[in-house]
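Visitor: how would this look folded up:
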Amino acid sequence: MAIAHRGASAYAPENTVAAFDEAIRLGCPAVELDVRLTSDGIPVVLHDETVNRTTNGSGRVSELSRLDLLRLDAGSWKHPRFAGTRIPTLDESLHAIAGLALPVLELKVPLESSVLRDILEPHDALADAVVLSFEPAIVAAVRRDLPSLRVGLLAEKWHTSLSRHALDLGASLVVLDVGVVAQPVADAVLQAGLRLWCYTVNDVGTAAACGAMGVSGIITDKPDLIRSRKRHARSM
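Guide: I've put the predicted structure just below:
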């Protein structure tokens, strides 16, 4: 399965409704996004701790209000045609994605389970969404409080106890940096009864190699390339 990394981020500003719309237009079955909290407690979609890289502003997301973020241009850095694009809230993002693609939420910071539930529920996403985090405590809390959600543990490095750790947290999948994915690693994850996803893959050769090893989710900035590879494979 191709998973659009921050939306179709090769073609539109990452983590914006424009990127999510483009991923869906390309037929991507899943869309990944990053969640942070503003100073006034609103879940918004942005990867970095600061707005510096992807907007015309500066400062930490956690020190800026939702109104502060609305004043920022989150599109011009990518291309002038995206001028005026805004940082979306999680609710706005789900409005664009839910029902059209699988929402995959990476929680960059802890989020009250009741807040997450109240945002997901109106979009009928409580049974469909996947929640990922590098933080074990976040994975465990989401699994404990919202058991209908699938949760996954993100990791940059592989170690032999990772599968056991993921299972102990209640995760159903492990998401690894593609640079550490090898057949013995894939075998260990799959034999533990977990699914394996990897990030970030932007060429068809690497995608094919990952698929051959048993990787079931490929996070990519270019979901059209991954889909093209799969269509070609089906025609062989």
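
Visitor: contacts and neighbour counts: CA atoms only from here.
Guide: OK.

Visitor: ok, the closest residue to residue 40 other than its chain neighbours to residue 15 distance?
Guide: Nearest non-adjacent residue to residue 40, counting by CA to CA, 6 or more residues apart in numbering: residue 65, 5.5 Å away. Here residue 65 is placed at a distance of 18 Å from residue 15 (CA to CA, to the nearest Å).

Visitor: before we move on, back to that, now do the same contact list for the residue nearest to residue 40.
Guide: 38-40 (CA atoms under 8 Å, 6 or more residues apart in numbering).

Visitor: now, the residues you listed that are in helices?
Guide: Residues of the contacts of residue 65 located in helices (DSSP state H): none.

Visitor: quick check, residue 28 in a helix?
Guide: No - counting by DSSP: H, G, I helix; E, B strand; the rest coil, residue 28 falls outside a helix, being coil.

Visitor: would you mind confirming that it makes contact with residue 7?
Guide: No - under the criterion of CA atoms under 8 Å, residue 28 makes no contact with residue 7, lying 9.2 Å away.

Visitor: which one of those two is surrounded by more residues?
Guide: For residue 28 versus residue 7, the count of surrounding residues by other CA atoms under 10 Å is larger for residue 7: 32 against 24.

Visitor: for the more buried one, give me phi and psi.
Guide: Main-chain torsions, residue 7, degrees, to the nearest 10: phi 80, psi -170.

Visitor: mind listing what it touches?
Guide: With CA under 8 Å, 6+ apart, residue 7 has these contacts: 14-16, 19-23, 31-33, 221.

Visitor: out of the helices and strands in the protein, which is least certain?
Guide: helix 223-235 (a mean of 58; mean pLDDT, DSSP states H and E).

Visitor: how far away is the spatially most central residue of the chain from residue 6?
Guide: Centroid-nearest residue in the chain: residue 32, 2.7 Å away (criterion: CA atoms, centre = their mean). Applying CA to CA, the value for residue 32 to residue 6 is 5 Å.

Visitor: now do residue 14
Guide: 5 Å.

Visitor: swap in residue 22?
Guide: On the measure of CA to CA, residue 22 and residue 6 end up 11 Å apart.

Visitor: pLDDT weak spots in the chain?
Guide: 227-236 (pLDDT under 70).

Visitor: helix, strand or coil for residue 35?
Guide: strand.

Visitor: go through the helix or strand harbouring residue 212 and flag the buried ones.
Guide: Residue 212 belongs to helix 204-213 when elements are defined using DSSP states H and E. By neighbour count on 16 or more other CA atoms under 10 Å, the buried set for helix 204-213 is 204, 207-208, 210-211, 213.

Visitor: cool, stretch 129-138 as well?
Guide: By 16+ other CA under 10 Å, the buried positions in stretch 129-138 come out as 129-134, 136, 138.

Visitor: can I get the residues you listed in TSV with distance to residue 149 and secondary structure?
Guide: Formatted as TSV, the buried residues of stretch 129-138 follow (distance: CA to CA, whole Å; DSSP: H, G, I helix; E, B strand; the rest coil):
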residue	distance to residue 149	secondary structure
129	6	coil
130	6	strand
131	7	strand
132	10	strand
133	13	strand
134	17	coil
136	16	helix
138	13	helix
